[in-house]
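> Please find the sequence and the predicted model below.
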Amino acid sequence: MPASIETVSIKPGGSTLTKASPRDLFITALAPMVWGSTYLVTTEFLPADRPLLAATVRALPAGIVLMLVTRTWPRGSWWFKAAALGALNIGLFFFLLFFTAYQLPGGVAALVGSVQPLFVLFLGVLLLGERIRMAHIVACAVGAAGVGLLVLRSDATLTFIGVIAGMAGALSMAAGIVLTKRWGRPDGVGLLGFTGMQLAMGGVMLLPATLVVEGLPSQVTAPNVAGFAYLSVIGALAAYAVWFRGIQRLPTMVVSFLGFLSPLVATVLGFVFLGESLSAWQVVGAVLVLASVFLVQRPGAVAGPNPLRRAEVLR
């Protein structure tokens with residue numbers, strides 16, 4: 001079968017597609033959909049009250065395995081870049097994510113995290129020269145409203161430090177998305193090696209916090225091992241490889257809005273497997289989340305900066 005050719009815009013540090021390919025959109029969406037299963041796996045299979053351990057086991061083994069298999073190591077300036085991306089996408093983000101979970105109810109934490117596309121929007125203007133469009137603003141509002149209807153409860157309470165941590169986590173992931181787009185991959189480094197560097201760096205950063213704050217469990221059961229294996233192989237190795245591929249191939253705003261699929265999938269899995277209720281307002285929220293993803297990936301919304309040059313990518 002002949003290879004298909006897709007024309008893309010190339011900028012320093014990576015490529016920027018001027019149109020969101022349905023195939024790339026679907027493949028990238030698999031990552032946040034997998035992450036939406038994390039709550040189910042954590043509550044049903046992992047040791048209780050050890051979120052940092054779960055985050056470390058999720059990232060570090062997968063990162064080390066990928067680096068060894070691909071024989072990939074940072075070189076030159078990429079020691080700093082890999083550490084920065086590993087912190088923003090993995091280490092710092094996971095730490096802030098779990099800290100927020102301790103400070104705020106899950107629904108409030110998800111709602112605070114829904115500001116991430118706004119951070120991506122403004123960082124994209126500053127670092128990538130992208131343009132803000134009305135569709136972006138509307139999609140941000142629609143997506144945040146959808147997440148709120150999906151996860152927020154009337155008895156939810158706020159703490160100042162929890163809100164700050166949640167917003168810092170959203171900013172961390174947003175900066176990771178934008179800088180991954182800006183810097184691209186090191187010369188000669190494949191997608192799996194690139195993913196491994198970030199997972200390993202992030203895992204190394206999480207390890208001391210895990211040992212100091214939580215320590216190691218006194219026993220590990222077979223379901224625990226199965227849960228850790230799922231989070232490491234599927235939730236980290238496979239999902240982050242797909243995610244970083246999507247960042248390189250899709251506009252940053254499109255990628256950031258796909259993150260809204262995580263609370264949507266978590267809600268559906270909770271309803272199907274845990275017997276949680278699903279109200280009419282949650283269904284409306286799910287529709288709004290999907291509508292926001294559709295709005296931001298329309299051709300008129302994803303047009304990026306003027307291309308510096310054109311290239312054909314053999315796929």
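Cool, got the structure. Owing to the predicted nature of the structure, the values given are computational and were not obtained by experimental measurement.
> got the contact list for Pro61?
Gly203, Ser232 (Cβ atoms under 8 Å, 6 or more residues apart in numbering). In short, each C-beta sits where N, CA and C put it, glycine included.
> my read is it is in a helix, agree?
Yes. Looking at Pro61 with DSSP: H, G, I helix; E, B strand; the rest coil, it is inside a helix.
> could you pull out the strands for the stretch 201-315 of the chain?
Under the criterion DSSP state E, counting those that start in this stretch, the stretch 201-315 of the chain carries strands at the ranges 309-314.
> how far out from the middle of the chain is stretch 144-153?
In terms of Cα atoms, centre = their mean, to the nearest Å, the centre of stretch 144-153 is found 19 Å from the chain centre.
> ok, residues contacting that stretch?
105-108, 110-111, 114-115, 260, 263-264, 267, 281-282, 284-292.
> and Ala144, how far is that from Leu261?
For Ala144, the distance to Leu261 equals 14 Å [Cβ to Cβ, to the nearest Å].
> related to what we said a few turns ago, filter the contacts of stretch 144-153 down to just the buried residues.
105-108, 110-111, 114-115, 260, 263-264, 267, 282, 285-286, 288-292 (16 or more other Cβ atoms under 10 Å).
> OK, contacts around Ser277?
Ser277 neighbours (Cβ under 8 Å, 6+ apart): Phe271.
> Phi, psi for it please.
When read as degrees, to the nearest 10, the backbone of Ser277 gives phi -70, psi 160.
> hmm, back to that, so of the buried ones among the contacts of stretch 144-153, which ones are in helices?
106-108, 110-111, 263-264, 267, 282, 285-286, 288-292 (DSSP state H).
> Tell me, how many residues neighbour Arg58?
For Arg58, the neighbour count with other Cβ atoms under 10 Å is 30.
> now Ala238
Neighbour tally, Ala238, other Cβ under 10 Å: 16.
> So it is in contact with Val34, correct?
Yes. Shown here, Ala238 and Val34 form a contact pair, counting by Cβ atoms under 8 Å, at 7.4 Å.
> Can you name the residues that contact the nearest residue in space to Met201 that is not next to it in sequence?
Nearest residue to Met201 in three dimensions, chain neighbours excluded: Gly86, at 2.7 Å (Cβ to Cβ, 6 or more residues apart in numbering). Applying Cβ under 8 Å, 6+ apart to Gly86 gives the contacts Met197, Gln198, Leu199, Ala200, Met201, Gly202, Val204, Met205.
> Go ahead and build a PyMOL selection from the buried members of those residues.
The following PyMOL line selects those of these that are buried, judged by 16+ other Cβ under 10 Å:
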select buried, resi 197+198+199+200+201+202+204+205
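> Among the contacts of Gly86, which ones are in helices?
Met197, Gln198, Leu199, Ala200, Met201, Gly202, Val204, Met205.
> CA atoms of the longest helix along the chain as CSV?
Taking DSSP H as the criterion, the chain has its longest helix at helix 160-183. These are the backbone C-alpha positions of helix 160-183, laid out as CSV (Å, rounded to 0.1, in the frame of the first residue of the first chain):
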residue,chain,number,x,y,z
PHE,A,160,-6.8,28.3,49.3
ILE,A,161,-3.6,26.2,49.2
GLY,A,162,-5.5,23.4,47.4
VAL,A,163,-6.7,25.8,44.7
ILE,A,164,-3.2,27.3,44.3
ALA,A,165,-1.7,23.8,44.0
GLY,A,166,-4.3,22.7,41.5
MET,A,167,-3.7,25.8,39.3
ALA,A,168,0.1,25.2,39.6
GLY,A,169,-0.4,21.6,38.5
ALA,A,170,-2.4,22.9,35.5
LEU,A,171,0.3,25.4,34.7
SER,A,172,3.0,22.7,35.0
MET,A,173,1.3,20.4,32.4
ALA,A,174,0.5,23.3,30.1
ALA,A,175,4.1,24.4,30.1
GLY,A,176,5.1,20.8,29.5
ILE,A,177,2.9,20.7,26.4
VAL,A,178,4.1,24.0,25.0
LEU,A,179,7.8,23.4,25.6
THR,A,180,7.5,19.8,24.2
LYS,A,181,6.1,21.4,21.0
ARG,A,182,8.8,24.2,21.0
TRP,A,183,11.8,22.0,21.7
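> Below-threshold pLDDT in the stretch 101-250 of the chain: ranges please.
Of all residues in the stretch 101-250 of the chain, those with pLDDT under 70 make up the ranges 105-108, 153-158.
> quick one: Thr195 from Ser232, how far?
For Thr195, the distance to Ser232 - Cβ to Cβ - is 13 Å.
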